[in-house]
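A.B. asks: sequence-free structure coming up:
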């Protein structure tokens, strides 16, 4: 038989445990309801944070012979929060947005691809554009905070955001040919998921994954990027100094300069052959470099111009992926294929000067006999282009 002292001792232990449980319950309730302010490491909600989700995904890379347009997406999860950037989401409708009215497409030039993005992609595009100076470091991450939190709580939200990111970064890359220093295949969409009991919060940033630089591999740091930008700008000014006369004369001058100074890289092995640095500085490029360089010059001259993508039947009768330009002159749009106006001469052959203008300011009736636009700058995207004038200029 237990003594009275033993029973009293057990009762005291039981009462003590009940008291401790009561105090911890009250503490937890006050903490979870944010009615008390305690250091993060002592918060019950921190102890209960769920970080067991491991959701890492990469979109399938899309590559073409002359158009490297790869985007990788990595979804990372962590319990820490990031700074918030506020955006007006009140006007966002269901994805995707309605396509541009044809009349608007006819007037588009500098930002044709941006104008056709869905609302989420436009937010991503504009915020990246606003931070391009910061992104010259190669490791800067653009913060979106909880901007896309509501979207990511939807059943297909992750897929929608991934698609919007892919479209936005490629649209930015085609609207702004001067971004030669960025390698979009190394820029990631990063989503941090914070779960506290029954509440999950999604925060997004775009940029470097694990500190790996997303600069073009030819440029090691911001100093080299700035130097390269200056070299390209200086070359642009040298070209401008050779131009004069009417708008058509200036277009012709840029066209002639490019076909005279640039060489096509048939080996596809040189550095920077897909961008304006390879074209204007190294003077070796492929069709995308020709098209980007032409737009780069037109943008600076204030002449409406865009880069178009599609397929074309070459002189050997084979279909290939290709890039060219559309330029607006006297209110009409015309096609310009600077690459094919600069044919590769085999041996000591001679070509007539007229060959250099075979694809110069062409209308749809002639140009589309061997060119087919599709607007697929990435994946299954189907961007629309302005309607060309039927007749040549």
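C.D. replies: All right, it came through fine. As the structure is a computational prediction, the values presented were derived from the model and not from experiment. Residues are numbered from 1 along each chain as shown.

A.B. asks: Whichever strand or helix holds residue 128: what's the following helix or strand?
C.D. replies: Assigned by DSSP states H and E, residue 128 belongs to helix 119-130. Later in the chain than helix 119-130, the nearest helix or strand by DSSP H and E is strand 142-145.

A.B. asks: before we move on, back to that, how far does the helix holding residue 128 sit from its chain's centre?
C.D. replies: Relative to the chain's own centre, helix 119-130 is displaced by 9 Å; criterion: C-alpha atoms, centre = their mean, to the nearest Å.

A.B. asks: buried stuff in that helix?
C.D. replies: By neighbour count on 16 or more other C-beta atoms under 10 Å, the buried set for helix 119-130 is 120, 121, 122, 123, 124, 125, 127, 128, 129. Every residue, glycine included, has its C-beta placed from N, CA and C.

A.B. asks: got it, and stretch 275-285?
C.D. replies: Of the residues in stretch 275-285, those scored as buried under the neighbour-count criterion (16+ other C-beta under 10 Å) are 275, 276, 277, 278, 279, 280, 281, 282, 284, 285.

A.B. asks: same deal with stretch 182-201?
C.D. replies: 182-184, 186-196.

A.B. asks: Going along the chain, name the helices of the stretch 151-300 of the chain.
C.D. replies: Applying DSSP state H, counting those that start in this stretch to the stretch 151-300 of the chain gives helices spanning 157-175, 222-240, 247-261, 276-277, 287-301.

A.B. asks: Now tabulate the ones you listed in CSV and tack on distance to residue 150 and mean pLDDT.
C.D. replies: Conversion of the helices of the stretch 151-300 of the chain to CSV gives the following (distance: least, C-beta to C-beta, whole Å; pLDDT from 0 to 100):
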stretch, distance to residue 150, mean pLDDT
helix 157-175, 8, 96
helix 222-240, 35, 98
helix 247-261, 46, 97
helix 276-277, 39, 98
helix 287-301, 36, 97
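
A.B. asks: Let's see the pLDDT reported for residue 315.
C.D. replies: Per-residue confidence for residue 315 comes out at a pLDDT of 83.

A.B. asks: Look at it and say how many residues are nearby.
C.D. replies: Taking other C-beta atoms under 10 Å as the neighbour definition, residue 315 ends up with a count of 9.

A.B. asks: now do residue 317
C.D. replies: Taking other C-beta under 10 Å as the criterion, the count of residues near residue 317 is 7.

A.B. asks: Residue 370 versus that one, what's the distance?
C.D. replies: Residue 317 sits 10 Å away from residue 370, going by C-beta to C-beta, to the nearest Å.

A.B. asks: what's the answer for residue 257, then?
C.D. replies: Computed as C-beta to C-beta, the residue 257 to residue 370 distance reads 25 Å.

A.B. asks: who touches the closest residue to residue 231 other than its chain neighbours in this structure?
C.D. replies: Spatial nearest neighbour of residue 231, excluding adjacent residues (C-beta to C-beta, 6 or more residues apart in numbering): residue 281 at 5.6 Å. For residue 281, the contact set (C-beta atoms under 8 Å, 6 or more residues apart in numbering) comprises 228, 231, 232, 235, 272.

A.B. asks: hmm, try it at 7 Å
C.D. replies: Applying C-beta atoms under 7 Å, 6 or more residues apart in numbering, we find residue 281 in contact with 231, 232, 235.

A.B. asks: Now which of the residues you listed would you call buried?
C.D. replies: 232, 235.

A.B. asks: Pipe the contacts of residue 281 into a markdown table and attach distance to residue 302 per row.
C.D. replies: Output for the contacts of residue 281, formatted as a markdown table (distance: C-beta to C-beta, whole Å):
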| residue | distance to residue 302 |
| --- | --- |
| 231 | 23 |
| 232 | 18 |
| 235 | 19 |
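
A.B. asks: Let me know the closest of the contacts of residue 281 to residue 207.
C.D. replies: Proximity to residue 207 was ranked across those by C-beta to C-beta; first place goes to residue 232, at 23.2 Å.

A.B. asks: roughly how far apart are that closest one and residue 181?
C.D. replies: Going from residue 232 to residue 181 by C-beta to C-beta gives 10 Å.

A.B. asks: cool, residue 205 as well?
C.D. replies: Using C-beta to C-beta, one gets 20 Å for the distance from residue 205 to residue 181.

A.B. asks: and what of residue 285?
C.D. replies: The separation that residue 285 has from residue 181, given C-beta to C-beta, amounts to 16 Å.

A.B. asks: circling back: which other helices and strands contact the helix holding residue 128?
C.D. replies: In terms of contact count using 3 or more C-beta pairs under 7 Å, 6 or more residues apart in numbering; DSSP states H and E, helix 119-130 is assigned the packing partners strand 142-145, helix 157-175.

A.B. asks: if we go to 10 Å?
C.D. replies: Judged by 3 or more C-beta pairs under 10 Å, 6 or more residues apart in numbering; DSSP states H and E, the packing partners of helix 119-130 are helix 112-115, strand 142-145, helix 157-175, strand 199-207.
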